[in-house]
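Asker: Need the 3D shape of this:
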Amino acid sequence: MSNQPVNLSPSGPPETRLPAYDLEAVRALNTAISSDLKTRRDSVCEVVARYPTFLDGWATIGDLSSSGIDAYMAYRVGYHRGLDTLRANSWRGSGYVRWNVDTNRGFLRCLAGLAKSAREIGELSEAVRCEQFLTQCDPSGDANHLLR
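Answerer: Numbering: from 1, shown residues only. Below is the predicted model of the structure:
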């Protein structure tokens with residue numbers, strides 16, 4: 001147990017708002033998403049290869065992957081990229097990352113996707129941890145629809 005004081009503000013835990021993504025990355029992802037169904041996932045992968053920190057891209061790869069381990073891998077990479085991005089934007093391991101902030105949605109989609117795919121492959125402790133983390137990030141419940 002730490003003897004360091006915990007400083008709470010009257011407004012509650014801090015809130016992190018991730019910065020907007022490069023507009024060219026957003027355009028490229030939108031183009032890839034609208035490509036032919038047979039090549040869509042590969043097109044999105046090409047975008048993410050050019051913009052490897054683009055969390056919406058990682059979430060989209062997960063969404064387009066086969067359920068189970070393929071989706072799990074994409075969401076897990078996006079989740080860890082997201083933690084790096086959060087830390088680079090003053091998040092210190094706690095505080096809100098709300099769904100109502102558009103730029104936070106890529107991270108929250110990766111986190112929820114990781115929870116769902118972990119449950120599918122039988123990684124129940126990780127699934128529960130991710131579900132709890134999602135609720136802690138956005139206790140309003142706005143992101144919970146991602147778990148369905």
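Asker: which helix of this structure spans the most residues?
Answerer: Longest helix in the chain, counting residues (DSSP state H): helix 69-88.
Asker: who does that helix touch, helix- and strand-wise?
Answerer: Applying 3 or more Cβ pairs under 8 Å, 6 or more residues apart in numbering; DSSP states H and E, one finds that helix 69-88 contacts helix 55-64, helix 105-120. Quick note: C-beta positions are derived from backbone N, CA and C, even for glycine.
Asker: List just the one of these that sits closest to Glu126.
Answerer: Proximity to Glu126 (Cβ to Cβ) singles out helix 105-120 among the helices and strands packed on helix 69-88, at 4.2 Å.
Asker: What lies in contact with the next helix or strand after the closest one?
Answerer: Downstream of helix 105-120, the first helix or strand assigned by DSSP states H and E is helix 124-137. For helix 124-137, the surrounding residues in contact (Cβ atoms under 8 Å, 6 or more residues apart in numbering) are 79, 94, 96-98, 108, 111-112, 114-116, 118-119, 141, 143-144, 146-147.
Asker: Let me know whether Pro19 touches Asn89 as I believe.
Answerer: Yes: between Pro19 and Asn89 there is a contact under Cβ atoms under 8 Å: 6.7 Å.
Asker: So for these two, which residue has more residues nearby?
Answerer: Asn89 (13 against 9; other Cβ atoms under 10 Å).
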